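1. Just need the structure, nothing else, for what follows:
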Amino acid sequence: MKKLRNRFYLALLPLQLLLVGLIVWTIFLLNNLEGLVKSTEESQKLLGNAVDQAMVSLHEIKLQVQLMDAPDKEATQAMQRAWDVYEDALETIRESERIQESKAMKTLLLNNERLKVRLESLVDIEWNAIDPAIFPSTIRMVDKTEALIGQVSATAIKDILGLQLQFRERIRLSFYVLGIGIGLGIFGTILISYQIGRIVVSPLEMLQAKLDDVGKGDYDQEVRIVRKDEVGQLAYSLNRMIRNLRLYRNLTDERLHSTTHTFQTVLQRSPHSILFLTQDHSITYANPQADELLSSPEWASGLPGELIDIASKTQKGHSIYIQRQLHEAIQLKINGQPRYYLVVSYPVELLKNIQDINQKNEPGVALTLQDVTKMKLADDIKGNLVATVSHELKTPLTSARMALYLLGEQQIGTLNEDQLDLVDTAKEDLERQLATIQNLLDLSRAESSATDLTKETCRVNEIINESVATHEDLSEACEVSIEVEHAEGDALIHADPHKVTIVLNNFLSNALRHSSHGSKVLIGAHADEYNIRFFVKDFGEGIDEDMIPHIFDRYSQGKESTKVGSAGLGLHIAKQIIEQHGGSIGCESQKGEGSEFYFSLPRHLDD
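-> So this is what the prediction gives:
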């Protein structure tokens, strides 16, 4: 910025010099006028006193001459003193240069010489020889001297008036100089303002206009300022920035076109139906797979109510809504036939005009519909088949278990030890098979009645106590103690108490079976402001780290599960029940230190 700053300084230099000159001239003028005024006042005062003294002295001399009728030494001395005072006053008057050069002063001096001679003659001559006519002539000479003094005084007054006139002239000259200085200052200010506007303001306004156009997306701009100062450098930098933005825009347009083409290809080739909706649920885009839905008579009046509800939830919560399980699939009629779809809904921003970068995006919703009709039907068939087969297997296996119990109790005949061992082994295998069949039936019922929850307000501690009471016999058989940590206060949940108890029983029975003799199991719940967290913790062998992410999968089993007749379905059923309640379920375990299974449900706040 040095060049531009130097130009500013050079533009301001004449005005600064003018102001300095005016200040110096004003100081000089004030000092000169002050000296002139003081000199005039002193001269006027001295002159006035001298004239007064001269007139008084002449008057006294005249009086002494008029009274002189005989020789009088005292009168002569008084006349001499008056003459001396007169001469002193006259010397004071003669100090003024203009008075010395005046005709009246020259006449006064000649007259003074004659008057002095006459007065000396009055003192020195013999009184008897004196001419009586000398007294009137002397008095006339004194009167003439007084008149000349008056003329000299008039000349002095005229000189003072000349000084006053000179003072006025100087004042007039000062105002003239000040006026010229002010005029030059105004002209300099206007000139400097114009130069500043031409050098700085106008280029900056041009730069601002160009920047506004660039901000609106018009990159076909160029600043035409060719200068070697900072403004020229700024214009050069701005032109270079615009060129880079133009190149970036072209590159971005190419990338955007490529990305848009890729995105459109993905949408068109996606096996799922995809819809983009506005805030009022109007369809702005549908891929080819959604054409069958839109062309069906059921969609002629708009989106089905189920999809509108899902889109509304996404708009209100600004979150993604995902259906993952088959039992969550919604049923829609397409051309009169029932179809099942898993729906994914997520918020998006819709841009009407991609060229207008200042346009605000419009919030919308995207729906992805996955057709799972065949999977749903296959799952229903599988579930029915599993339920039917399990039920058909359970009846004969129950009869076989009863027969084995009768043989073991030797009610129909005596058995030797080897026979009893075979019967016990068969009983254990049969119990394991019956437990597996029971889990399959429970799973089938859970999946078939996924939405059939009988919710009511339940006390958390009562559910815990019921589960503990149910497992007292198993606790004694496993030689494992149960410790309870009740939730603080009267914690409540709004849930299906029977199904929540099934989950808690599953956790507790697993913990008892996987605990060593003499150990303990903790069961309880912790309550916070919004949730209730149920937990069951054992101190057994723990679960392998690679097994924990899959512990709730169907048919998932640990290494020790086969020892207690587990088919790996209990935890999967528990997960389905908790998810039906809108809760979360999990497991924490460290090998050799035990495991903790937990689930959280929303807390019910009693009104």
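
2. and stretch 331-339, how far from the chain's centre?
-> Remark: stretch 331-339 is offset 53 Å from the chain centroid, using CA atoms, centre = their mean, to the nearest Å.

3. Output that stretch as CSV, nothing but the C-alphas.
-> Taking only C-alpha atoms (Å, rounded to 0.1, in the frame of the first residue of the first chain), the coordinates of stretch 331-339 have been written out as CSV:
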residue,chain,number,x,y,z
GLN,A,331,-49.0,-54.4,3.0
LEU,A,332,-50.1,-52.4,-0.1
LYS,A,333,-52.5,-53.4,-2.8
ILE,A,334,-51.1,-53.1,-6.3
ASN,A,335,-53.5,-53.7,-9.2
GLY,A,336,-55.8,-55.5,-6.7
GLN,A,337,-53.1,-57.8,-5.4
PRO,A,338,-51.5,-57.6,-1.9
ARG,A,339,-47.8,-56.8,-1.9
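
4. Can you name the residues in contact with that stretch?
-> Residues external to stretch 331-339 that are found in contact with it (CB atoms under 8 Å, 6 or more residues apart in numbering): 292, 293, 296, 297, 298, 304, 306, 307, 340, 341, 371, 373. Every C-beta, even on glycine, is put in place using the N, C-alpha and C of the backbone.

5. Give the PyMOL command for selecting the buried subset of the residues you listed.
-> Buried members of these, identified by 16 or more other CB atoms under 10 Å, are gathered into one PyMOL selection as follows:
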select buried, resi 293+296+304+307+340+341+371+373
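
6. closest to residue 202 among the contacts of stretch 331-339?
-> Ranked by distance to residue 202 (CB to CB), the contacts of stretch 331-339 are led by residue 307 at 60.7 Å.

7. Next one: that closest one, what pLDDT does it get?
-> pLDDT, the model's per-residue confidence, is 86 for residue 307.

8. Which residue, neighbours along the chain excluded, lies closest to it?
-> Nearest in space to residue 307, with sequence neighbours left out and distances taken as CB to CB, 6 or more residues apart in numbering, is residue 367 at 6.3 Å.

9. That neighbour and residue 283 touch, don't they?
-> No: the criterion here is CB atoms under 8 Å, and residue 367 misses it with residue 283 at 9.4 Å.

10. which neighbours do those two share?
-> Residues touching both residue 367 and residue 283 by CB under 8 Å, 6+ apart: 275, 276, 277.

11. mind listing what residue 599 touches?
-> Residues in contact with residue 599 (CB under 8 Å, 6+ apart) are 503, 533, 534, 574, 578, 583, 584, 585, 586.

12. Could you confirm residue 347 falls within a helix?
-> No: residue assignment for residue 347, taken from DSSP: H, G, I helix; E, B strand; the rest coil, gives strand, which places it outside any helix.

13. Residue 367 and residue 283 - which one has more neighbours?
-> Remark: of residue 367 and residue 283, residue 367 carries more neighbours, 25 against 15, as counted by other CB atoms under 10 Å.

14. Could you give me the buried positions within the helix or strand where that one lies?
-> According to DSSP states H and E, residue 367 maps onto strand 362-371. Buried residues in strand 362-371, counted by 16+ other CB under 10 Å: 364, 365, 366, 367, 368, 369, 370, 371.

15. Any idea how far apart the tips of stretch 185-204 sit?
-> The separation between the terminal residues of stretch 185-204, taken as CA to CA, to the nearest Å, is 26 Å.

16. how about the helices of the stretch 301-450 of the chain, start to end?
-> When assigned using DSSP state H, counting those that start in this stretch, the helices of the stretch 301-450 of the chain occupy the ranges 305-317, 373-408, 417-448.

17. again with the stretch 1-150 of the chain
-> 2-67, 73-94, 97-100, 103-124, 134-196.

18. can you tell me which of the ones you listed the model trusts least?
-> Considering the helices of the stretch 1-150 of the chain one by one, the lowest average pLDDT is found for helix 97-100, at a mean of 62.

19. that's a helix at residue 554, yeah?
-> No: the assignment for residue 554 (three-state DSSP) gives coil, which keeps it out of a helix.

20. That one and residue 341, how far apart?
-> In this view, residue 554 and residue 341 are 23 Å apart by CB to CB, to the nearest Å.

21. can you check residue 430 too?
-> Separation of residue 430 from residue 341 (CB to CB) stands at 43 Å.

22. cool, and residue 261?
-> Separation of residue 261 from residue 341 (CB to CB): 28 Å.

23. and what of residue 502?
-> Distance of residue 502 to residue 341, computed by CB to CB: 30 Å.

24. Please apply the same query to residue 118.
-> In this view, residue 118 and residue 341 are 152 Å apart by CB to CB.

25. same question, residue 546
-> When CB to CB is the yardstick, residue 546 and residue 341 sit 35 Å from each other.

26. Residue 327: neighbour count?
-> When neighbours are defined as other CB under 10 Å, residue 327 has 16 of them.

27. Per-residue pLDDT of it, please?
-> Turning to residue 327, the model gives it a pLDDT of 75.

28. Flag the shaky bits of the stretch 251-400 of the chain, pLDDT-wise.
-> Applying pLDDT under 70 to the predicted model, the residue ranges of the stretch 251-400 of the chain that meet it are 352-360, 379-395, 397.

29. let's see 80
-> Applying pLDDT under 80 to the stretch 251-400 of the chain flags the ranges 251-253, 255-261, 263-264, 267-268, 292, 325-327, 351-361, 375-400.

30. Counting by contacts, list what the strand holding residue 367 packs against.
-> On a contact count with 3 or more CB pairs under 8 Å, 6 or more residues apart in numbering; DSSP states H and E, strand 362-371 meets strand 273-277, helix 305-317, strand 337-350.

31. and with 10 Å instead?
-> In terms of contacts (3 or more CB pairs under 10 Å, 6 or more residues apart in numbering; DSSP states H and E), strand 362-371 is packed against strand 273-277, strand 283-286, helix 291-295, helix 305-317, strand 321-322, strand 330-334, strand 337-350.

32. just those: most buried one?
-> Per residue and on average, the most neighbours among those fall to strand 273-277, with a mean of 21 (mean count of other CB atoms under 10 Å).

33. before we move on, the earlier item: list the ones among the contacts of residue 599 that fall in strands.
-> Residues from the contacts of residue 599 lying in strands, with DSSP state E as the criterion: 533, 534, 584, 585, 586.

34. in the sheet, who's paired with the fourth one?
-> When you say that, I think you mean residue 585. Bridge pairing for residue 585 (DSSP bridges) gives the partners residue 599.

35. and it, how many neighbours?
-> 22.

36. now the third one
-> Summarising burial for residue 584: neighbours were counted as other CB under 10 Å, giving 14.

37. Once you drop chain neighbours, what's closest to it?
-> Leaving out its chain neighbours, the residue that sits closest to residue 584 by CB to CB, 6+ apart is residue 600, at 5.1 Å.

38. what do you get for the second one?
-> On the basis of CB to CB, 6+ apart, the spatially nearest residue to residue 534 that is not a chain neighbour turns out to be residue 525, at 4.9 Å.

39. Just give the strands next to the helix or strand the one you found falls within in its sheet, each with its orientation.
-> Secondary-structure element containing residue 525, defined by DSSP H and E: strand 520-527. Applying DSSP bridges, strand 520-527 is found paired with strand 481-485 (parallel), strand 531-538 (antiparallel).

40. Which SSE is immediately downstream of the shortest one?
-> If I follow you right, that is strand 481-485. Scanning forward in sequence from strand 481-485 by DSSP H and E, the next helix or strand is strand 492-495.

41. list the buried ones in that next one?
-> Under the neighbour-count criterion of 16+ other CB under 10 Å, strand 492-495 has 492, 493, 495 buried.

42. quick one: average confidence on that strand?
-> For strand 492-495, mean pLDDT is 92.

43. which residues make contact with it from outside it?
-> With CB atoms under 10 Å, 6 or more residues apart in numbering as the contact definition, strand 492-495 has outside contacts at 453-460, 463, 487, 500-501, 525, 527, 531-532, 534, 577-578, 580-583, 601-606.

44. ok, back up a step: and of the strands paired with strand 520-527, who's closest to residue 238?
-> Judged by CB to CB, the one of those that comes nearest to residue 238 is strand 531-538, at 58.0 Å.
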